[in-house]
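# no sequence on this one, just coordinates:
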């Protein structure tokens, strides 16, 4: 046969393998969320694809087998087309053959499939679905056992939990968010950074714990049980909070929660004998509770305020529904918030930063591109500096930890309030290395 004809067959095999693989991969990635969106484009195709969702694993393995078969055929046709060539030309074809195999195997599996938009995928599937159905039927003796083994492994890893419905998987959503960040999903407009942050924040709820977002004990405003109604009103006005803990002797003994709206009911105030009668029952939670579970508890109840307890039963702080919401959407400033308090990070003209002493260590690491250990007993910058010194830093003090430079802008005998920070310079690192070498 004419060598050129073999090369034409090789090219046709290349294209057919590429199209069939991408189409099968798109079908394997179909989920309930994608189908609902696809209904607006092609309702008939969406209905047909919906019937194949239970066998997505079979389609995925069929796609891989199609690639293997296509690569074998592609190699065969290239060999036939280059057999009549001289040795050097044959070696060149062998090199090109291997290079193209890598492009197909890696490029189609990883890059091409991630660049497909939903509309393009729908058009592709509508043309190739009959062919894919035939290939899947033909390869069923191989794909069914492979899919069954994959399902068994997946169920074992998930604690044998069965998925009765077909929800959009978390990994799929996160990958779409990352792709949309730069417009790689084929959409006309990339996802906005604040939208991306909110989506990622929502998925991070189960990995975030109460002690990371709570208002710490030292910043909690409360009222003692023997205070007068007038004193409580003054405390609410001065703090700007609509709920305040009611305690006996110390904040460790919380008796209830005073709501500002209850102080407006003059008829009720005439009937109560003490603040205890006016207080709502407190909700206590451990500081190790993840905020995803707490959000669900808040959602199911009318209470959106909880007292956080440490491992010894003392009050570690308080947490509210707004604290959880801010983890998703960012800081929320109302008419009572001090604008300065919300600015945890203030960039300075000299390249340094003024930050709140309560800022988390992970945020400092990202801000300065440094690596402070997050495995120690401290969670905040103030805790890190106090641990480094073995005491509470004093206002105006300069501290070199070997990783960052800190100037204490504001502090009190109990904690660090504001700090000016910068990473250590190259000259400081050299000086430290010389000192260490001289020891």
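Alright, I've got the coordinates. As the structure is a computational prediction, the values presented were derived from the model and not from experiment.
# from here on, just use CA atoms for contacts and neighbour counts.
Fine.
# shaky segments in the stretch 301-439 of the chain?
331-344, 426-439 (pLDDT under 70).
# run the last query once more with 50
Residues of the stretch 301-439 of the chain that meet the criterion pLDDT under 50 lie in 339-340, 343.
# that one: strands as residue ranges?
305-309, 315-320, 345-347, 353-356, 398-400, 404-411, 416-423 (DSSP state E, counting those that start in this stretch).
# how about the longest strand seen in the chain: buried residues?
In the chain, taking DSSP state E as the definition, the longest strand is strand 250-259. Neighbour counts over strand 250-259 (16 or more other CA atoms under 10 Å) mark 251-252, 254-259 as buried.
# and if you look at stretch 399-412?
399-400, 403-411.
# hang on, the earlier thing: how about CSV for the strands of the stretch 301-439 of the chain, with distance to residue 377 added?
Formatted as CSV, the strands of the stretch 301-439 of the chain follow (distance: least, CA to CA, whole Å):
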stretch, distance to residue 377
strand 305-309, 17
strand 315-320, 15
strand 345-347, 23
strand 353-356, 19
strand 398-400, 20
strand 404-411, 19
strand 416-423, 17
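# and those: which comes nearest residue 375?
Proximity to residue 375, assessed across those by CA to CA, is greatest for strand 404-411 (17.6 Å).
# contacts for that closest one?
393-400, 416-424 (CA atoms under 8 Å, 6 or more residues apart in numbering).
# next: stretch 280-300.
205-211, 254-259, 304-311, 316, 321, 324.
# now do stretch 255-275
Here stretch 255-275 makes contact (CA under 8 Å, 6+ apart) with 225-229, 233, 236, 242-248, 276, 278-282.
# any quick PyMOL command for the buried ones out of the residues you listed?
The buried subset of the contacts of stretch 255-275, as determined by 16+ other CA under 10 Å, is captured in PyMOL by this line:
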select buried, resi 225+236+243+244+245+246+247+276+278+279+280+282
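# give me the mean pLDDT for stretch 211-225.
For stretch 211-225, mean pLDDT is 89.
# which residues touch that stretch?
232, 235, 239, 244-251, 274-276, 287-288, 308, 315-320, 323-324, 327, 379.
# all helices for the stretch 301-439 of the chain, in order.
Applying DSSP state H, counting those that start in this stretch to the stretch 301-439 of the chain gives helices spanning 321-329, 339-342, 361-368, 381-389, 426-438.
# which residues are in contact with residue 356?
344-345, 417-419.
# for residue 302, same thing?
If you count contacts by CA under 8 Å, 6+ apart, residue 302 has none.
# so how far is residue 295 from it?
12 Å (CA to CA, to the nearest Å).
# can you name the next helix or strand after the longest strand of the chain?
helix 266-271 (DSSP states H and E).
# tell me the average confidence for whichever helix or strand comes after that following helix?
Next helix or strand after helix 266-271 toward the C-terminus (DSSP H and E): helix 275-278. For helix 275-278, the mean per-residue pLDDT is 88.
# sheet-wise, list the partners of the helix or strand just after helix 275-278 with their directions.
Heading C-terminal from helix 275-278, the first helix or strand you meet, by DSSP H and E, is strand 284-286. When pairing is defined by DSSP bridges, strand 284-286 lines up against strand 305-309 (parallel).
# which residues touch the strand it pairs with?
210-211, 214, 282-287, 315-321.
# now the angle from that strand to helix 321-329?
Relative orientation of strand 305-309 versus helix 321-329 (axes from the mean of the first three to the mean of the last three CA atoms, to 10 degrees): 90 degrees.
# quick one: buried residues of strand 305-309?
For strand 305-309, using 16+ other CA under 10 Å, the buried residues are 305-309.
# format those as a markdown table; extra columns: distance to residue 264.
Output for the buried residues of strand 305-309, formatted as a markdown table (distance: CA to CA, whole Å):
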| residue | distance to residue 264 |
| --- | --- |
| 305 | 20 |
| 306 | 23 |
| 307 | 24 |
| 308 | 28 |
| 309 | 30 |
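# low-confidence bits of the stretch 51-200 of the chain, can you list those?
113-114, 116-119, 161-167, 183-189.
# kindly recompute the last result at 80.
Regions of the stretch 51-200 of the chain meeting the criterion pLDDT under 80 cover residues 51-137, 139-140, 143-144, 146-148, 150-200.
# what is the burial count for residue 318?
26 (other CA atoms under 10 Å).
# and it, how close does it get to residue 221?
Taken as CA to CA, the span from residue 318 to residue 221 is 10 Å.
# got it, and residue 373?
Looking at residue 373 against residue 221, where the rule is CA to CA, the gap reads 32 Å.
# the more surrounded of the two?
More crowded of residue 373 and residue 221, by other CA under 10 Å: residue 221, with 19 against 13.
# I'd like the distance between that one and residue 64.
62 Å.
# next: residue 377.
For residue 377, the distance to residue 64 - CA to CA - is 49 Å.
# more crowded one of the two?
residue 64 (17 against 10).
# so the more buried one sits in a strand?
No. Assigned with DSSP: H, G, I helix; E, B strand; the rest coil, residue 64 falls outside any strand and is helix.
# domains for the chain, by residue range?
3-159, 210-329, 343-438 (automatic domain parsing).
# can you give me the end-to-end span of the second one?
Across domain 210-329, the straight-line distance between its terminal residues is 17 Å, by CA to CA.
# what secondary structure does the residue lying closest to residue 329 once chain neighbours are set aside sit in?
Counting by CA to CA, 6 or more residues apart in numbering, residue 198 is the residue found nearest to residue 329 once chain neighbours are left out, at 5.3 Å. Following three-state DSSP, we place residue 198 in the helix state.
# so who does residue 198 touch?
Residues in contact with residue 198 (CA under 8 Å, 6+ apart) are 328-330.
# of the residues you listed - the most surrounded one?
Most surrounded of the contacts of residue 198: other CA under 10 Å gives residue 328, at 20 neighbours.
# how far away is that one from residue 206?
Counting by CA to CA - residue 328 and residue 206 are separated by 12 Å.
# same thing with residue 255?
From residue 255 across to residue 206, the span is 29 Å (CA to CA).
# great, nothing more from me.
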